[in-house]
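Asker: Below are the sequence and a predicted model; questions follow.
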Amino acid sequence: QVHLVESGGGLMQAGGSLRLSCGASGNIFSINSMAWYRQAPEKQRELVALITSGGSTTYSDSVKGRFTISRDIENTVYLQMDSLKPEDTAVYYCNVVGYNGTRRAGVSAFDSWGQGTQVTVSS
């Protein structure tokens, strides 16, 4: 089982910055991708940013140039959010896709989600 723990949300004025973190733990064999999604009230969950194992990144058009996704070797993914806007207000979820287990015991695919962290941007 892979467990994700998010941190870094909060209340910020428009134009400010926040940094989200998501640490993945468990018997992780490899990670294919790490991503941040968000869901605003009465809206569908949407992809914000994604980073692959090779370091390629993808951003939604609404955050390009303002948000930056990155990861470290300890299986933590970050989302640096600059120039925040009120429309960025949402619950942000971390998602990690990969394989857990060992070569000896065998590996299996996982697709895990964090518990969500609230980001509120005031105008």
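Answerer: Arrived safely.
Asker: Contacts for stretch 16-23 next, please.
Answerer: Contacting residues not belonging to stretch 16-23 are listed as 4-10, 12, 34, 36, 74-84, 92, 94, 96, 114, 117, 119, 121 [C-beta atoms under 8 Å, 6 or more residues apart in numbering]. C-beta coordinates here come from the backbone N, C-alpha and C atoms, glycine included.
Asker: residues in contact with residue 48?
Answerer: Residue 48 touches 35, 36, 37, 38, 59, 60, 63, 67, 79, 92, counting by C-beta under 8 Å, 6+ apart.
Asker: which of the contacts of stretch 16-23 count as buried?
Answerer: 4, 6, 8-9, 12, 34, 36, 75-79, 81, 84, 92, 94, 96, 114, 117, 119, 121 (16 or more other C-beta atoms under 10 Å).
Asker: residue boundaries of the strands in this protein?
Answerer: 3-7, 10-13, 18-25, 28-39, 46-52, 57-59, 67-71, 76-81, 90-102, 106-113, 117-122 (DSSP state E).
Asker: For the residue nearest to the spatial centre of the chain, give its distance to residue 1.
Answerer: Nearest to the mean C-alpha position of the chain, counting by C-alpha atoms, centre = their mean, stands residue 36 at 2.8 Å. For residue 36, the distance to residue 1 equals 21 Å [C-beta to C-beta, to the nearest Å].
Asker: before we move on, what about residue 119?
Answerer: From residue 119 to residue 1 the distance is 27 Å (C-beta to C-beta).
Asker: is the residue lying closest to residue 47 once chain neighbours are set aside in a bridge, and if so with what?
Answerer: Leaving aside its sequence neighbours, residue 47 sits nearest to residue 37 (C-beta to C-beta, 6 or more residues apart in numbering; 5.5 Å). Beta-bridge pairing for residue 37 (DSSP bridges): residue 47, residue 93.
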